[in-house]
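Undergrad: The sequence and its predicted three-dimensional model are supplied below.
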Amino acid sequence: MTAEERQFRLEEHLKKVEFASLAELSELVDVSESTVRRDLQILEGKGTLQRTHGGARSINLRSDEYIFSKRDTLQADEKDAIGKACADLIGPGQTVILDAGTTVFHVAKHLASKKPHIVTNSLPVANLYASNHELEVVVSGGVIYPRLGVLVGPIAVETFSKIHADVAILSGAGITEEGISNSHGLLIDIQKAMLANAQKIIFCLDHTKFGRKSFSPLCDLNVIDTVVTDAQTPEPMLEMLRGRDIRVVVGS
């Protein structure tokens, strides 16, 4: 692959996903991170992207599929059913990590009565609780990506690496027998820190995520305690999860 071909692939990938880590981009074009840095410097000079700490973001976005408000309208009824069912699993006063997925945002909508201690990198979740005087909410630092409504980067990772939670509630772009995957390398780094620092792991995934594999692998199924999904998820997938000793909760 020539340098021009490599830079074209980097640019096209960033247009699709908006931002990516050096490790993700290095894997994409099968070169070292130092080579990717040089490519990104060239592309930044052309005005097609902006380098960030540990990666890059596109400034010529191809679609709105990753915008939080857009994603939140997809499978809205299913996400709300999942949110209610997941909130029922949380005990009063527990410390709960919430990631920045739209399905997890629906969990947050139903959690207030449990008086949890919330730790999140989600701007919509933080805004949801901003005027609630009864809840303690810790918001990670990091780089703001407004389209995704999320804080990312090393500071965000560090926040979740230094806390302990009773429960982590996460989302993903896909789930197969091989595990959970997600769309962005920078989100993966944060989610791995969340997984490592919670006693119990819950994934909230609507039926469209089953049988899908996204770009970046997140975790194997054996780290998951519970999967909460909706009634349209195929029964064979649910049985596969139960066969792995994962609790399955179906929202209605």
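TA: Structure's in. What do you need?
Undergrad: So for the strand or helix carrying residue 97, mean pLDDT?
TA: Secondary structure assignment for residue 97, by DSSP states H and E: strand 95-98. The pLDDT scores in strand 95-98 average 98.
Undergrad: now for the helix or strand following that strand, which elements pack on it?
TA: Under the assignment DSSP H and E, the closest C-terminal helix or strand after strand 95-98 is helix 102-109. Here helix 102-109 touches helix 68-72, helix 76-87, strand 95-98, helix 123-128, strand 165-170, strand 198-204, going by 3 or more C-beta pairs under 8 Å, 6 or more residues apart in numbering; DSSP states H and E. Placement of C-beta: from N, CA and C, glycine included.
Undergrad: Could I get the full set of strands for the stretch 151-252 of the chain?
TA: Using DSSP state E, counting those that start in this stretch, the strands found in the stretch 151-252 of the chain span residues 165-170, 174-176, 179-182, 198-204, 216-219, 226-230, 247-251.
Undergrad: Now the weakest link among those strands, please, by mean pLDDT.
TA: strand 216-219 (a mean of 90).
Undergrad: Give me the contact list for that strand.
TA: The contact list for strand 216-219 (C-beta atoms under 8 Å, 6 or more residues apart in numbering) reads 24, 172, 178-185, 187-188, 191-192, 195.
Undergrad: By pLDDT, rank those and give me the bottom one.
TA: residue 185 (69).
Undergrad: hang on, the earlier thing: minimum distance to residue 12: which of the strands of the stretch 151-252 of the chain has it?
TA: Closest to residue 12 of the strands of the stretch 151-252 of the chain, according to C-beta to C-beta: strand 216-219, at 17.0 Å.
Undergrad: Tell me which residues of the closest one come out buried.
TA: Buried residues in strand 216-219, defined by neighbour count with 16 or more other C-beta atoms under 10 Å: 216, 218-219.
Undergrad: hmm, back to that, using a markdown table, please lay out the helices and strands packed on helix 102-109 together with mean neighbour count and distance to residue 143.
TA: A markdown table is the format used below for the helices and strands packed on helix 102-109 (neighbours: other C-beta atoms under 10 Å; distance: least, C-beta to C-beta, whole Å):
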| stretch | mean neighbour count | distance to residue 143 |
| --- | --- | --- |
| helix 68-72 | 16 | 15 |
| helix 76-87 | 20 | 26 |
| strand 95-98 | 25 | 19 |
| helix 123-128 | 19 | 12 |
| strand 165-170 | 24 | 20 |
| strand 198-204 | 22 | 23 |
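Undergrad: end to end, how far does stretch 109-118 reach?
TA: 12 Å (C-alpha to C-alpha, to the nearest Å).
Undergrad: which residues are contacting it?
TA: Against stretch 109-118 from outside (C-beta under 8 Å, 6+ apart): 80, 83-84, 86-87, 90-96, 98, 108, 125, 128-129, 132, 134-138.
Undergrad: one step back: export the helices and strands packed on helix 102-109 as JSON lines, with columns for distance to residue 42.
TA: Formatted as JSON lines, the helices and strands packed on helix 102-109 follow (distance: least, C-beta to C-beta, whole Å):
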{"stretch": "helix 68-72", "distance to residue 42": "31"}
{"stretch": "helix 76-87", "distance to residue 42": "41"}
{"stretch": "strand 95-98", "distance to residue 42": "38"}
{"stretch": "helix 123-128", "distance to residue 42": "32"}
{"stretch": "strand 165-170", "distance to residue 42": "36"}
{"stretch": "strand 198-204", "distance to residue 42": "39"}
